[in-house]
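Visitor: Quick check, what structure comes out for this input:
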Amino acid sequence: MGVVLVHGVRTSRTMWRPQVEALARAGVPAIAVDLPGHGTRAGERFTLDGAAATVAEAAADLDGPVLVAGLSLGGYVAIAHAARHPAQVGGLLAAGCCTVPRRVLVAGWSTLARGIGRLPDRGAWLNDAFARAALGAAAAADLGAGGFSLDVMADVLREVGSLDPLAELARVTAPVWLVNGTFDHFRADERRFLAACHDGRLVLVPRATHLVSVVAPVAFSRVLLQAADAVAHPAAARRG
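Guide: Modelled structure (predicted):
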(Lines give C-alpha, C1' and ligand atoms only; values in the text may rest on other atoms or scores of the structure.)
Protein backbone atom coordinates (compact mmCIF):
# COMPACT_ATOMS: atom_id res chain seq x y z
CA MET A 1 0.00 0.00 0.00
CA GLY A 2 1.15 3.51 -0.69
CA VAL A 3 -0.04 7.04 -1.35
CA VAL A 4 0.00 9.01 -4.60
CA LEU A 5 -0.15 12.79 -4.13
CA VAL A 6 -1.52 15.01 -6.90
CA HIS A 7 -0.83 18.76 -6.79
CA GLY A 8 -2.97 21.77 -7.67
CA VAL A 9 -2.88 23.99 -10.73
CA ARG A 10 0.27 26.02 -11.55
CA THR A 11 2.29 24.46 -8.73
CA SER A 12 4.09 21.09 -8.59
CA ARG A 13 4.84 18.06 -6.46
CA THR A 14 6.92 20.24 -4.11
CA MET A 15 3.75 21.53 -2.47
CA TRP A 16 3.43 18.16 -0.72
CA ARG A 17 6.69 18.41 1.29
CA PRO A 18 5.01 18.35 4.76
CA GLN A 19 2.81 15.40 3.80
CA VAL A 20 5.67 13.45 2.17
CA GLU A 21 7.68 13.90 5.37
CA ALA A 22 4.73 12.86 7.57
CA LEU A 23 4.12 9.74 5.49
CA ALA A 24 7.83 8.86 5.58
CA ARG A 25 7.86 9.14 9.39
CA ALA A 26 4.88 6.76 9.48
CA GLY A 27 6.61 4.31 7.15
CA VAL A 28 4.07 4.80 4.34
CA PRO A 29 5.52 4.77 0.79
CA ALA A 30 4.47 7.86 -1.17
CA ILE A 31 4.94 9.31 -4.63
CA ALA A 32 4.19 12.97 -5.35
CA VAL A 33 3.76 13.42 -9.10
CA ASP A 34 4.21 16.31 -11.48
CA LEU A 35 1.24 16.59 -13.83
CA PRO A 36 1.74 17.47 -17.51
CA GLY A 37 2.39 21.18 -17.89
CA HIS A 38 3.76 21.51 -14.36
CA GLY A 39 7.07 21.27 -12.51
CA THR A 40 9.55 19.01 -14.27
CA ARG A 41 6.98 18.55 -17.08
CA ALA A 42 6.32 22.24 -17.69
CA GLY A 43 7.07 21.90 -21.39
CA GLU A 44 4.17 19.49 -21.96
CA ARG A 45 0.53 20.32 -22.68
CA PHE A 46 -1.91 19.55 -19.90
CA THR A 47 -4.63 17.05 -20.76
CA LEU A 48 -6.93 15.16 -18.43
CA ASP A 49 -5.98 11.89 -20.14
CA GLY A 50 -2.30 12.63 -19.57
CA ALA A 51 -2.92 13.62 -15.95
CA ALA A 52 -4.89 10.44 -15.17
CA ALA A 53 -2.20 8.37 -16.89
CA THR A 54 0.44 10.04 -14.69
CA VAL A 55 -1.43 8.96 -11.56
CA ALA A 56 -1.90 5.45 -12.96
CA GLU A 57 1.85 5.12 -13.63
CA ALA A 58 2.70 6.20 -10.08
CA ALA A 59 0.11 3.85 -8.59
CA ALA A 60 1.57 0.97 -10.60
CA ASP A 61 4.95 1.63 -8.96
CA LEU A 62 3.50 1.11 -5.48
CA ASP A 63 2.49 -2.19 -3.90
CA GLY A 64 -1.21 -2.98 -4.06
CA PRO A 65 -4.24 -0.67 -4.17
CA VAL A 66 -3.20 2.83 -3.17
CA LEU A 67 -4.67 5.92 -1.59
CA VAL A 68 -4.77 8.68 -4.22
CA ALA A 69 -4.90 12.15 -2.67
CA GLY A 70 -5.30 15.34 -4.67
CA LEU A 71 -5.85 19.02 -3.96
CA SER A 72 -7.91 21.36 -6.17
CA LEU A 73 -6.99 20.43 -9.76
CA GLY A 74 -5.30 17.38 -8.27
CA GLY A 75 -8.57 16.44 -6.58
CA TYR A 76 -10.45 16.49 -9.87
CA VAL A 77 -7.65 14.46 -11.47
CA ALA A 78 -7.73 11.97 -8.60
CA ILE A 79 -11.49 11.52 -9.02
CA ALA A 80 -11.07 10.97 -12.76
CA HIS A 81 -8.29 8.46 -12.18
CA ALA A 82 -10.33 6.53 -9.60
CA ALA A 83 -13.25 6.25 -12.01
CA ARG A 84 -10.97 5.04 -14.82
CA HIS A 85 -8.67 2.74 -12.85
CA PRO A 86 -10.73 1.29 -9.98
CA ALA A 87 -8.45 -1.72 -9.45
CA GLN A 88 -5.59 0.62 -8.49
CA VAL A 89 -7.55 2.58 -5.89
CA GLY A 90 -7.95 1.44 -2.30
CA GLY A 91 -9.08 4.90 -1.27
CA LEU A 92 -9.56 8.41 -2.65
CA LEU A 93 -8.94 11.69 -0.83
CA ALA A 94 -10.21 14.66 -2.81
CA ALA A 95 -9.53 18.06 -1.25
CA GLY A 96 -10.60 21.54 -2.29
CA CYS A 97 -12.58 20.35 -5.31
CA CYS A 98 -16.21 20.11 -4.20
CA THR A 99 -17.60 22.42 -6.87
CA VAL A 100 -19.07 21.18 -10.13
CA PRO A 101 -17.15 22.90 -12.97
CA ARG A 102 -20.05 24.80 -14.48
CA ARG A 103 -19.67 26.46 -17.87
CA VAL A 104 -20.19 29.98 -16.50
CA LEU A 105 -17.62 29.41 -13.73
CA VAL A 106 -15.02 28.04 -16.13
CA ALA A 107 -15.66 30.92 -18.56
CA GLY A 108 -15.11 33.45 -15.77
CA TRP A 109 -11.82 31.89 -14.71
CA SER A 110 -10.75 31.68 -18.35
CA THR A 111 -11.33 35.41 -18.81
CA LEU A 112 -9.36 36.20 -15.66
CA ALA A 113 -6.51 33.90 -16.73
CA ARG A 114 -6.29 35.55 -20.16
CA GLY A 115 -6.08 38.97 -18.53
CA ILE A 116 -3.30 37.90 -16.18
CA GLY A 117 -1.50 36.24 -19.08
CA ARG A 118 -1.30 39.59 -20.90
CA LEU A 119 0.73 41.16 -18.10
CA PRO A 120 4.40 41.78 -18.97
CA ASP A 121 5.61 38.94 -16.71
CA ARG A 122 2.47 36.82 -17.40
CA GLY A 123 1.47 37.26 -13.75
CA ALA A 124 4.65 35.93 -12.13
CA TRP A 125 4.98 38.84 -9.67
CA LEU A 126 1.28 38.75 -8.82
CA ASN A 127 1.39 35.00 -8.26
CA ASP A 128 4.45 35.16 -5.98
CA ALA A 129 3.16 38.15 -4.03
CA PHE A 130 -0.22 36.52 -3.42
CA ALA A 131 1.37 33.25 -2.28
CA ARG A 132 3.62 34.99 0.23
CA ALA A 133 0.87 37.26 1.55
CA ALA A 134 -1.71 34.49 1.89
CA LEU A 135 0.47 31.60 2.99
CA GLY A 136 3.63 32.93 4.61
CA ALA A 137 7.19 32.47 3.46
CA ALA A 138 7.68 28.77 4.31
CA ALA A 139 4.45 27.55 2.73
CA ALA A 140 4.94 29.80 -0.29
CA ALA A 141 8.44 28.35 -0.71
CA ASP A 142 7.04 24.79 -0.78
CA LEU A 143 4.37 25.84 -3.24
CA GLY A 144 6.85 27.48 -5.59
CA ALA A 145 9.94 25.29 -5.19
CA GLY A 146 9.20 23.45 -8.41
CA GLY A 147 8.34 26.66 -10.25
CA PHE A 148 4.96 28.15 -11.11
CA SER A 149 3.45 27.14 -14.44
CA LEU A 150 2.20 30.43 -15.85
CA ASP A 151 0.89 29.25 -19.20
CA VAL A 152 -1.14 26.20 -18.25
CA MET A 153 -4.47 27.74 -17.23
CA ALA A 154 -6.18 27.71 -20.63
CA ASP A 155 -5.52 23.98 -21.07
CA VAL A 156 -6.53 23.19 -17.50
CA LEU A 157 -9.79 25.13 -17.66
CA ARG A 158 -10.72 23.57 -20.99
CA GLU A 159 -10.10 20.06 -19.65
CA VAL A 160 -11.70 20.57 -16.24
CA GLY A 161 -14.72 22.16 -17.92
CA SER A 162 -15.42 18.83 -19.59
CA LEU A 163 -15.53 16.94 -16.29
CA ASP A 164 -18.60 15.52 -14.56
CA PRO A 165 -17.10 14.77 -11.14
CA LEU A 166 -20.44 13.70 -9.63
CA ALA A 167 -20.91 10.99 -12.26
CA GLU A 168 -17.29 9.90 -11.86
CA LEU A 169 -17.59 9.73 -8.06
CA ALA A 170 -20.66 7.55 -8.47
CA ARG A 171 -18.44 5.02 -10.25
CA VAL A 172 -15.93 4.86 -7.38
CA THR A 173 -16.62 2.03 -4.94
CA ALA A 174 -13.51 2.61 -2.78
CA PRO A 175 -13.78 4.74 0.37
CA VAL A 176 -13.70 8.47 -0.35
CA TRP A 177 -12.57 11.30 1.91
CA LEU A 178 -13.73 14.78 0.85
CA VAL A 179 -11.54 17.27 2.70
CA ASN A 180 -12.24 21.01 2.68
CA GLY A 181 -11.17 24.02 4.66
CA THR A 182 -14.13 25.74 6.27
CA PHE A 183 -13.22 28.95 4.41
CA ASP A 184 -12.78 27.24 1.04
CA HIS A 185 -14.67 28.90 -1.83
CA PHE A 186 -14.76 25.52 -3.62
CA ARG A 187 -17.16 23.98 -1.06
CA ALA A 188 -20.35 24.97 -2.90
CA ASP A 189 -21.43 21.44 -3.88
CA GLU A 190 -19.83 19.39 -1.13
CA ARG A 191 -23.12 17.81 -0.05
CA ARG A 192 -23.82 16.73 -3.63
CA PHE A 193 -20.31 15.29 -3.86
CA LEU A 194 -20.83 13.39 -0.61
CA ALA A 195 -24.18 12.06 -1.78
CA ALA A 196 -22.58 10.79 -5.00
CA CYS A 197 -20.10 8.63 -3.07
CA HIS A 198 -20.83 4.96 -2.36
CA ASP A 199 -18.68 5.12 0.77
CA GLY A 200 -17.90 8.74 1.51
CA ARG A 201 -17.12 10.97 4.42
CA LEU A 202 -16.74 14.75 4.61
CA VAL A 203 -13.93 16.24 6.68
CA LEU A 204 -13.83 19.98 7.37
CA VAL A 205 -10.61 21.59 8.58
CA PRO A 206 -11.46 24.60 10.80
CA ARG A 207 -10.36 28.05 9.60
CA ALA A 208 -8.48 26.61 6.61
CA THR A 209 -8.86 28.08 3.14
CA HIS A 210 -8.76 26.50 -0.31
CA LEU A 211 -5.14 25.30 -0.15
CA VAL A 212 -5.96 23.26 2.93
CA SER A 213 -2.89 20.99 2.82
CA VAL A 214 -0.62 24.05 2.63
CA VAL A 215 -2.30 26.37 5.14
CA ALA A 216 -3.09 23.60 7.67
CA PRO A 217 -0.39 20.98 7.02
CA VAL A 218 -0.57 19.28 10.41
CA ALA A 219 -4.36 18.89 10.41
CA PHE A 220 -4.39 17.79 6.78
CA SER A 221 -1.56 15.30 7.31
CA ARG A 222 -3.48 13.81 10.23
CA VAL A 223 -6.48 13.15 7.97
CA LEU A 224 -4.20 11.80 5.24
CA LEU A 225 -2.52 9.36 7.65
CA GLN A 226 -5.88 8.21 8.99
CA ALA A 227 -7.09 7.57 5.45
CA ALA A 228 -3.89 5.72 4.56
CA ASP A 229 -4.26 3.54 7.65
CA ALA A 230 -7.89 2.76 6.75
CA VAL A 231 -6.85 1.73 3.24
CA ALA A 232 -4.01 -0.43 4.58
CA HIS A 233 -6.27 -2.10 7.18
CA PRO A 234 -9.80 -2.09 5.69
CA ALA A 235 -11.20 -4.74 8.05
CA ALA A 236 -10.17 -2.75 11.12
CA ALA A 237 -11.58 0.43 9.58
CA ARG A 238 -14.95 -1.25 9.02
CA ARG A 239 -15.05 -2.50 12.63
CA GLY A 240 -14.20 1.05 13.81
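
Visitor: SS state for Val179?
Guide: Put simply, Val179 is strand when judged by DSSP: H, G, I helix; E, B strand; the rest coil.

Visitor: which residues touch it?
Guide: By C-beta atoms under 8 Å, 6 or more residues apart in numbering, the residues touching Val179 are Leu93, Ala94, Ala95, Gly96, Val203, Leu204, Val205, Val212, Phe220, Val223. (Each C-beta comes from the backbone N, C-alpha and C, glycine too.)

Visitor: For it, which non-adjacent residue is spatially closest?
Guide: Ala95 (4.1 Å; C-beta to C-beta, 6 or more residues apart in numbering).

Visitor: cool, Glu168 as well?
Guide: In space, Glu168 comes closest to Ala83 once its chain neighbours are excluded; the distance is 3.9 Å by C-beta to C-beta, 6+ apart.

Visitor: Equivalent analysis for Asn180, please.
Guide: That would be Arg187: by C-beta to C-beta, 6+ apart, it lies 4.9 Å from Asn180.

Visitor: In contact with that neighbour, which residues?
Guide: Contact analysis of Arg187 by C-beta under 8 Å, 6+ apart lists Cys98, Thr99, Asn180.

Visitor: Turn those into JSON lines, including neighbour count and pLDDT.
Guide: Converted to JSON lines, the contacts of Arg187 look like this (neighbours: other C-beta atoms under 10 Å; pLDDT from 0 to 100):
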{"residue": "Cys98", "neighbour count": "22", "pLDDT": "96"}
{"residue": "Thr99", "neighbour count": "18", "pLDDT": "93"}
{"residue": "Asn180", "neighbour count": "25", "pLDDT": "98"}
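
Visitor: about what we covered before: sort out for me which of the contacts of Val179 are in strands.
Guide: Cross-referencing those against strands under DSSP state E gives Leu93, Ala94, Ala95, Val203, Leu204, Val205.

Visitor: Correct me if wrong: the last one contacts Ala216.
Guide: Yes: taking C-beta atoms under 8 Å as the contact criterion, Val205 and Ala216 are neighbours in contact, 5.0 Å apart.

Visitor: Overlap in contacts, the two.
Guide: Common contact partners of Val205 and Ala216 (C-beta under 8 Å, 6+ apart): Gly181.

Visitor: need the strands for this structure, in chain order.
Guide: Here the chain has its strands, by DSSP E, at 3-6, 30-33, 66-71, 89-95, 176-181, 200-205.

Visitor: Out of those, flag the one nearest Arg13.
Guide: Proximity to Arg13 (C-beta to C-beta) singles out strand 30-33 among the strands of the chain, at 3.7 Å.

Visitor: tell me which residues in that closest one are buried?
Guide: Across strand 30-33, burial judged by 16 or more other C-beta atoms under 10 Å covers Ala30, Ile31, Ala32, Val33.

Visitor: Next, format these as TSV and append pLDDT and distance to Ala137.
Guide: Listed next are the buried residues of strand 30-33 as TSV, based on pLDDT from 0 to 100; distance: C-beta to C-beta, whole Å:
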residue	pLDDT	distance to Ala137
Ala30	98	25
Ile31	98	27
Ala32	98	21
Val33	98	25
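
Visitor: which one of those is nearest His233?
Guide: Ala30 (17.3 Å).

Visitor: how close does the closest one get to Asp199?
Guide: 23 Å (C-beta to C-beta, to the nearest Å).

Visitor: go on, Val176?
Guide: Note on Val176: its distance to Asp199, by C-beta to C-beta, is 6 Å.

Visitor: Same drill for those two, tell me which one is more crowded.
Guide: Comparing Val176 with Asp199 by other C-beta atoms under 10 Å, the one with more neighbours is Val176, at 25 against 12.

Visitor: Which strand residues bridge the more buried one?
Guide: Listed beta-bridge partners, Val176: Leu92, Gly200 (assigned using DSSP bridges).
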